[in-house]
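# okay, sequence plus prediction incoming.
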Amino acid sequence: MIKVIVTGAAGRMGQRLVAAVAAEQEMKLVGATERPGHPALGKDAGLMAGVGELKVLIQEDLSALLNSTKAEVVIDFTAPPATLKHVEACAKAKVAMVIGTTGFQPEERSRLTELARPIPVLLAPNMSVGVNLMFHLCRIAAEVLGEGFDIEVVEAHHRLKKDAPSGTAVRLGEILAEARGWKFKEVERTHREGMIGERPGREIGMQTVRAGDIVGEHTVLFAGTGERLELIHRATSRDTFARGAVRAGRWVVKQAAGLYSMQDLLGLT
């Protein structure tokens, strides 16, 4: 039985993670955290997630929980500053992590990589198996189609999402640029307005939609002369990501220290 702590347990994604862990026969929820001052502190994580009482109260001190519960893995879908603190605590306690947080700045990503060295960490902007297969297929398509096909990435999420483009869209852009031998930051185009002139050959458009309660949609469009190929992934429930995170948790606890991705888990690297 793998002992699990879920951080951000009262949030939209945190509640789905709690529910997914509770439903997993090979796992046991032993801890749950939220930020200081959160109204859910002291409440039962299972009741918050709508899966019945689990006798796991939401607390704010991850370090204390790591010591008292003998947890084996922490699943973290929070925000970059909080995640960095959680990685530091897990590294000291030698506890594995699954991280689905997005929106890291380059310096934050570098800091995470440094902090994570002593433990196995699976970091992925999207835990969906379908999205990670899409990453793989997009690399193949970009390589095979070549520079005669323009590339556009369009992502859509709910109106409350804070970062844009989404972490998944950014990772798609990075993969597509790598496949073409480009540097993503030099070719990404997140804004078009007015007389922008002819589209350059080396460009990856990154378009963002924020509306309603859209869970997550990503489209990669390859447009050539006389034909177009589109790869689309639509998530209709956060449970998709929660199930992927649970699968990642089962896998990462068996790995040596290092930074891994869902591509590693799925054997797509």
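Sure thing, it's come through.
# how's the chain carved up into domains?
Taking automatic domain parsing as the domain assignment, the record places the domains of the chain at 2-123+238-265, 129-235.
# tell me the most buried of those?
Looking across the domains of the chain with neighbours counted as mean count of other C-beta atoms under 10 Å, the highest average goes to domain 2-123+238-265: a mean of 20. Quick note: C-beta positions are derived from backbone N, CA and C, even for glycine.
# what's in contact with stretch 105-123?
Counting contacts by C-beta atoms under 8 Å, 6 or more residues apart in numbering, the residues outside stretch 105-123 that touch it are 80-81, 83-84, 87-88, 90-91, 94-99, 104, 248, 251-253, 255-262, 264-265.
# then stretch 21-34?
For stretch 21-34, contacts defined as C-beta under 8 Å, 6+ apart pick out 1-11, 14, 18, 40-41, 45-46, 49, 51, 54, 56-62, 65-66, 69-71, 75, 246, 249-250.
# in this structure, where is pLDDT below threshold?
Low-confidence regions of the chain, defined by pLDDT under 70, are absent; no residue qualifies.
# list the contacts of the longest helix belonging to the chain.
In the chain, with assignment by DSSP state H, the single longest helix is helix 129-145. Identification of contacts with helix 129-145 by C-beta under 8 Å, 6+ apart yields 124, 126, 151, 168, 171-172, 175-176, 178-180, 218, 220, 222, 224, 229, 231, 233, 235, 240, 244, 247, 262-263, 266, 268.
# could you pull out the strands for the protein?
For the chain, strands defined by DSSP state E occupy the ranges 2-7, 27-33, 58-59, 73-76, 96-99, 120-123, 150-157, 188-189, 204-210, 216-223, 228-235, 258-260.
# which other residues reach the last one?
Think strand 258-260. Contacts made with strand 258-260 from outside it, assessed by C-beta under 8 Å, 6+ apart, are listed as 113, 116, 120, 121, 122, 123, 252.
# quick one, what contacts residue 79?
Contact analysis of residue 79 by C-beta under 8 Å, 6+ apart lists 101, 103.
# typed the wrong thing, it's residue 73
For residue 73, counting by C-beta under 8 Å, 6+ apart, the contacting residues are 2, 3, 4, 5, 95, 96, 97, 98, 249, 252, 253.
# how close does the fourth one sit to residue 263?
As for residue 5, its distance to residue 263 is 25 Å (criterion: C-beta to C-beta, to the nearest Å).
# kindly report the same for the fifth one.
Going from residue 95 to residue 263 by C-beta to C-beta gives 23 Å.
# check the last one too.
As defined by C-beta to C-beta, residue 253 lies at a distance of 18 Å from residue 263.
# do the same with the second one
For residue 3, the distance to residue 263 (C-beta to C-beta) stands at 26 Å.
# in TSV: the strands of the chain, plus distance to residue 198.
TSV is the format used below for the strands of the chain (distance: least, C-beta to C-beta, whole Å):
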stretch	distance to residue 198
strand 2-7	47
strand 27-33	52
strand 58-59	55
strand 73-76	44
strand 96-99	41
strand 120-123	38
strand 150-157	11
strand 188-189	13
strand 204-210	14
strand 216-223	14
strand 228-235	19
strand 258-260	40
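# of these, which is nearest residue 196?
strand 188-189 (9.0 Å; C-beta to C-beta).
# which residue is nearest the centroid of the protein?
Against the mean C-alpha coordinate of the chain, by C-alpha atoms, centre = their mean, the closest residue is residue 125 at 2.7 Å.
# isn't that residue right up against residue 99?
No - with contact taken as C-beta atoms under 8 Å, residue 125 and residue 99 are classed as non-touching, separated by 9.5 Å.
# so what's residue 8 up against?
When contacts are counted by C-beta under 8 Å, 6+ apart, residue 8 touches 14, 33, 34, 35, 76, 77, 78, 82.
# and the third one, how far from residue 175?
For residue 34, the distance to residue 175 under the criterion C-beta to C-beta works out to 34 Å.
# returning to that earlier point: contact partners for the residue nearest to the centre of the chain?
Neighbouring residues of residue 125 by C-beta under 8 Å, 6+ apart: 100, 102, 166, 167, 168, 170, 171.
# again, only this time at 7 Å
Shown here is residue 125, whose contacts under the criterion C-beta atoms under 7 Å, 6 or more residues apart in numbering are 102, 167, 168, 170, 171.
# how about residue 24, phi and psi?
Backbone dihedrals for residue 24, given as degrees, to the nearest 10, come out at phi -90, psi 120.
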